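K.L.:
I would like the atomic coordinates for the input below:
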Amino acid sequence: MTHTLGPELRRALAERVRYYHELGIYDFYRREPRLLELIEAQPASEMVSTSLFSTLSPSSQSESREEMAARKSAVVPATPTESVLEIVTAKPEYGVGDPATALRLIREDLGDCTRCKLHEQGRKQIVFGVGNPHAELMFVGEGPGADEDAQGEPFVGRAGQLLNNMIKAMGLRREDVYIANIVKCRPPGNRQPERDEAETCSPFLMRQIAAIKPKVLVALGATAAKNLLAINAPMTELRGRWYDFKPAGSDASWPGARLAVTYHPAFLLRDPRQKGEAWKDLQMVMKYLGIVPPKKAAE
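P.N.:
As a prediction, the model looks like this:
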């Protein structure tokens, strides 16, 4: 049965798509046409759900996790005769082959971001990300702290110094990797990012990942891991395994990244006994990437 969108529904949907574009969300998904009947019966304000912005699965992902990801996918209903997706415009970096240029376009699109309440809560500047645009290895933390907020670069405080040492122990330099956070503005008091803040900022992180196309992502800490994987599990369950990770809308020729989870450097500063466990996680990463650590670090 063919459905046709009425003018009011079409206008409401177009307004909602523009709203998501202002938040930096560009990826939408089509479900079965039967869903259109349900959507037309709902208020326009409830037509589109929040987006997860990524497709991911651990090596043995359960059906319930797949269902959870599906429930969080943004939906735009479409019909063979009248496609609402014509409203959607491509990301500014779409089709750009050079990762450095793509990252610059994403940063310009982010602008002086006021999309969530963090911009009103004392941030000094946006902390976008830093490192090699062609990096095979990318680290993702939680959010900027006071030092990062002051300097505009992630991981430059005490936790950043420890991360630098971890990278050096792997036989790499900070300049060889790319470093970013779940949110790009400092949460007041260095608290954890709230759910709406993370969901608002995550699309830009996903676009950064899609532009860089790393071979490996390392989630630093539980907050980063849970936001990237959409899995609410303790670190003991999240660590020690690989997850497949590919942001929605990524280049089809890119197979995606492998994602590993380890402790946040700030946690290691509070509990140095866990440094050995974090080193095991990094060794797993090094083995996959074929990195041989310096002899001193290996000993």
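K.L.:
and the longest helix along the chain, what's its mean pLDDT?
P.N.:
When the chain is parsed with DSSP state H, its longest helix is helix 195-212. Averaged over helix 195-212, pLDDT sits at 97.
K.L.:
so the nearest residue to Gly256 once chain neighbours are set aside versus Glu120, what's the distance?
P.N.:
What sits nearest to Gly256 in space, not counting adjacent residues and going by CB to CB, 6 or more residues apart in numbering, is Lys246, at 3.1 Å. From N, CA and C alone the C-beta is placed, and that goes for glycine too. Distance, Lys246 to Glu120, using CB to CB, to the nearest Å: 34 Å.
K.L.:
next helix or strand past the longest helix of the chain?
P.N.:
strand 216-220 (DSSP states H and E).
K.L.:
just to revisit the earlier point, tell me which of Lys246 and Glu120 has more neighbours.
P.N.:
Using other CB atoms under 10 Å, the more surrounded residue of Lys246 and Glu120 is Lys246, with 21 against 10.
K.L.:
phi, psi for the more buried one please.
P.N.:
phi -150, psi 120 (degrees, to the nearest 10).
K.L.:
so it bridges to which residues?
P.N.:
Thr55 (DSSP bridges).
K.L.:
so how far is Thr236 from it?
P.N.:
For Lys246 relative to Thr236 (CB to CB), the value is 26 Å.
K.L.:
so which helix or strand of this protein has the lowest pLDDT on average?
P.N.:
helix 63-71 (a mean of 39; mean pLDDT, DSSP states H and E).
K.L.:
does the residue nearest to Gly256 really touch Trp254, like I thought?
P.N.:
Yes - at 7.3 Å, Lys246 and Trp254 qualify as touching, with contact defined as CB atoms under 8 Å.
K.L.:
thinking again about what came up before, distance of the residue nearest to Gly256 relative to Ala260?
P.N.:
If you go by CB to CB, the gap between Lys246 and Ala260 works out to 15 Å.
K.L.:
please apply the same query to Thr114.
P.N.:
With CB to CB as the criterion, Thr114 and Ala260 are 34 Å apart.
K.L.:
more neighbours: these two, which one.
P.N.:
More crowded of Thr114 and Ala260, by other CB under 10 Å: Ala260, with 22 against 11.
K.L.:
note down every partner strand of the helix or strand harbouring that one and its orientation.
P.N.:
Taking DSSP H and E as the definition, one finds Ala260 inside strand 257-262. In the sheet, strand 257-262 lines up against strand 216-220 (parallel), strand 243-247 (antiparallel) (DSSP bridges).
K.L.:
who wins for proximity to Pro133 among those strands?
P.N.:
Closest to Pro133 of the strands paired with strand 257-262 is strand 216-220 (CB to CB; 15.1 Å).
K.L.:
quick one: that closest one to helix 195-212, angle?
P.N.:
160 degrees (axes from the mean of the first three to the mean of the last three CA atoms, to 10 degrees).
K.L.:
quick one: mean pLDDT over strand 216-220.
P.N.:
98.
K.L.:
for stretch 175-183, same thing?
P.N.:
Mean predicted lDDT for stretch 175-183 stands at 98.
K.L.:
endpoints of it, how far apart?
P.N.:
21 Å (CA to CA, to the nearest Å).
K.L.:
who's in contact with that stretch?
P.N.:
The set of residues external to stretch 175-183 that reach it, using CB atoms under 8 Å, 6 or more residues apart in numbering, is 118, 127-133, 135, 137-144, 154-155, 163, 167, 193, 197-198, 201-202, 205, 208, 212, 214, 223-224, 227-228.
K.L.:
my guess is Lys124 contacts Asp149, does it?
P.N.:
Yes - Lys124 is in contact with Asp149 according to CB under 8 Å; the separation is 4.9 Å.
K.L.:
those two: which has the busier surroundings?
P.N.:
Asp149 (22 against 14).
K.L.:
which ones are touching that one?
P.N.:
123-125, 127, 185-186.
K.L.:
can you check Ile291 too?
P.N.:
Contacts of Ile291 (CB under 8 Å, 6+ apart): 170-172, 285.
K.L.:
among these, which two are most distant?
P.N.:
Gly171 and Val285 (11.5 Å).
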